[in-house]
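Colleague: sequence and predicted model, in that order:
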Amino acid sequence: MKNLIFFLFCISLFASCGDMSKGPSAHDHSAKNKQRMQQFYDQVINAHNVNAIDSFCTADFVDHNPDEGFTGKGAADLKASFKAFFTAFPDIHITTHFMIAQGDTIAAHVNFSGTNSGPMGPGMPATNKKVSIDGIDMVAIRDGKAYERWGFFDSRKMMADLGMMGGAPMDTTKMEKK
């Protein structure tokens, strides 16, 4: 009797798992979401096209790690953030090392490279130095549009690349006064 109960338990367990060899279920949009995120990198960041943000992000998009001076709330704030970023780094380019996804959340290991030939906000004039920094983007996508983002980039390396820490001190005589 114990063997029969154990046998029936095993059969029900295997039946509930389904055939895992058939690949992702119809509800798993991971591959499509990874493709969508790569399109964002190509069509917004690499093309320097802030107007394309509306086709990739919801109006109530939330960036949990916004750049300094930005709220991280809404697509309009995201556009303003990217405009400032493209002003500071007009030749910025993002390269994707890899992406992983589970359900509607995608994580990407990326590299930003470019030259700081524009101001990075008040009091931060262009350094005309090149940067190359790695980072992680985590984005939640619903119905083909991002609605949340968490990002972690090596800002210390960026500041070192720009000469703002380590090595020679920054020339503050050209900085704007508030």
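Modeller: Perfect, I can see it now.
Colleague: quick check, central residue of this structure?
Modeller: Nearest to the mean C-alpha position of the chain, counting by C-alpha atoms, centre = their mean, stands residue 137 at 3.2 Å.
Colleague: show me where pLDDT drops low in this protein?
Modeller: 1-28, 166-178 (pLDDT under 70).
Colleague: do you have the helices of it handy? List them.
Modeller: Shown for the chain, the helices assigned by DSSP state H span residues 2-17, 30-40, 75-88, 155-161.
Colleague: for the strand ranked longest in the chain, the distance to its chain's centre please.
Modeller: The single longest strand within the chain, with elements called by DSSP state E, is strand 130-142. Distance of strand 130-142 from its chain centroid, counting by C-alpha atoms, centre = their mean, to the nearest Å, is 3 Å.
Colleague: and it, what does it pack against?
Modeller: Counting contacts by 3 or more C-beta pairs under 8 Å, 6 or more residues apart in numbering; DSSP states H and E, strand 130-142 is packed against helix 30-40, strand 105-115, strand 145-153, helix 155-161. Yep, even glycine has a C-beta here, placed from its N, CA and C like the rest.
Colleague: now the first one: buried residues?
Modeller: Residues 30, 33, 34, 36, 37, 40 are the ones in helix 30-40 that count as buried (16 or more other C-beta atoms under 10 Å).
Colleague: what's the closest of the helices and strands packed on strand 130-142 to residue 69?
Modeller: Ranking the helices and strands packed on strand 130-142 by their distance to residue 69 (criterion: C-beta to C-beta) puts helix 155-161 first, at 14.3 Å.
Colleague: now for that closest one, which elements pack on it?
Modeller: strand 130-142.
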